[in-house]
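[1] Have a look; sequence and predicted model below, questions after that.
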Amino acid sequence: MMVSSRGKISWFSKSGALIREQKAKRGEFFKSLAGGKAFVGLTAKIQDQTVYNVVTLFDAGLNPVKDLYQRKHWFQQGKKIDPVNVRAPRYCVSKDRIFIDDNQAGCIRIYDRRGTTIGKTTVQIDRMPVTQADRQAYHQYYRNHPIYKNYYANLKHIIQFPSHYPIIQFFDVADQRIYLFSHIREAGKSELYIFNLDGKLLKKTDIPIAEINRQEVFPLIRVKNSRVYQLIENIDDEEQLDLIITKIGGN
């Protein structure tokens, strides 16, 4: 079993005994590629006084080999904060391929094990506008959050909202499929686009997804065996987590 943490990867036996560790000079959230012959992880860099989150390809020794994709970090010194786009790019690995969400382009980019671009998902997806009610909800969230409330008096002056949400809210790769959830949501159901591993659209459907609010990270943690698994804090008992499993019909 491989466990990734900041700056290293640890391997454990099924009984929990530590087998070995591999340290990296930089990077975190590593995912194994090509049977451990390569890894994908998240790094950061500063370019022209701008900070970027970077999805990076590493060799077997966790040495950085190639930067695959970069996105501006949500915090830039002396700049406005966009609370809608605060997440680092998500990436998945399957069948020796690397999948990275490109929210600016509204697609999932596909790379081979060497980091060469080999395709992307292509589909026309609407973008949901950020309404005045959404803006108020964000401010309410920061005003009451146990961490941010102490900084809200200063934070509220530098929050700047985009006109629309990004196209991709979440994506996962499993069962030889790419599952892309958009921000479009109606009657408790979210849009779900299902692609093959080459990025070809197979079907579009709507699926009931539990959502805390748009200020929290989308509480969808994994798709597997045509089911969506969500681990969500219990509303009545904050120390309890509820596992919600939703079957994807007709997949």
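    Received, thanks.
[2] which helices and strands does the longest helix seen in the chain pack with?
    Of all the segments of type helix in the chain, defined by DSSP state H, the longest one is helix 132-144. Applying 3 or more CB pairs under 8 Å, 6 or more residues apart in numbering; DSSP states H and E, one finds that helix 132-144 contacts helix 152-155. Glycine gets a C-beta too; all of them are placed from N, C-alpha and C.
[3] what lines up beside the helix or strand following the helix it packs on in the sheet?
    Following helix 152-155 in sequence order, the next helix or strand is strand 168-174 (DSSP states H and E). Here strand 168-174 is paired, per DSSP bridges, with strand 177-186 (antiparallel).
[4] would you put the C-alpha positions of the partner strand in PDB?
    C-alpha atoms of strand 177-186 as PDB (Å, rounded to 0.1, in the frame of the first residue of the first chain):
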ATOM      1  CA  ARG A 177     -14.100   5.900 -17.800                       C
ATOM      2  CA  ILE A 178     -13.700   9.700 -17.200                       C
ATOM      3  CA  TYR A 179     -16.400  11.100 -15.000                       C
ATOM      4  CA  LEU A 180     -16.800  14.900 -15.200                       C
ATOM      5  CA  PHE A 181     -19.300  16.700 -13.000                       C
ATOM      6  CA  SER A 182     -20.200  20.200 -14.000                       C
ATOM      7  CA  HIS A 183     -21.400  23.100 -11.800                       C
ATOM      8  CA  ILE A 184     -24.800  22.900 -13.500                       C
ATOM      9  CA  ARG A 185     -27.300  21.700 -10.900                       C
ATOM     10  CA  GLU A 186     -31.100  21.400 -10.800                       C
END
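[5] Nearest residue to Asn85 in space, please, no chain neighbours.
    Excluding its sequence neighbours, the residue lying closest to Asn85 (CB to CB, 6 or more residues apart in numbering) is Pro166, at 6.2 Å.
[6] Count residues in the vicinity of the one you found, would you?
    The local packing of Pro166 (other CB atoms under 10 Å) involves 18 other residues.
[7] so it touches Arg87, yeah?
    No: using CB atoms under 8 Å, Pro166 is not in contact with Arg87; the gap is 9.0 Å.
[8] check contacts around the residue nearest the centre of the chain.
    By CA atoms, centre = their mean, the chain has its centre lying nearest to Arg90, at 3.4 Å. Taking CB atoms under 8 Å, 6 or more residues apart in numbering, we find Arg90 in contact with 100-101, 170-171.
[9] what do you get if the cut-off is 6 Å, keeping everything else the same?
    Asp101 (CB atoms under 6 Å, 6 or more residues apart in numbering).
[10] For Ile98, see how far away Lys120 is.
    Relative to Ile98, Lys120 is positioned 12 Å away (CB to CB, to the nearest Å).
[11] Listing request: residues of the stretch 151-251 of the chain with sub-threshold pLDDT.
    Where the stretch 151-251 of the chain drops to pLDDT under 70, the residues are 212-219, 234-238, 250-251.
[12] ok, Lys66 - how many residues close by?
    Neighbourhood size, Lys66 [other CB under 10 Å]: 14.
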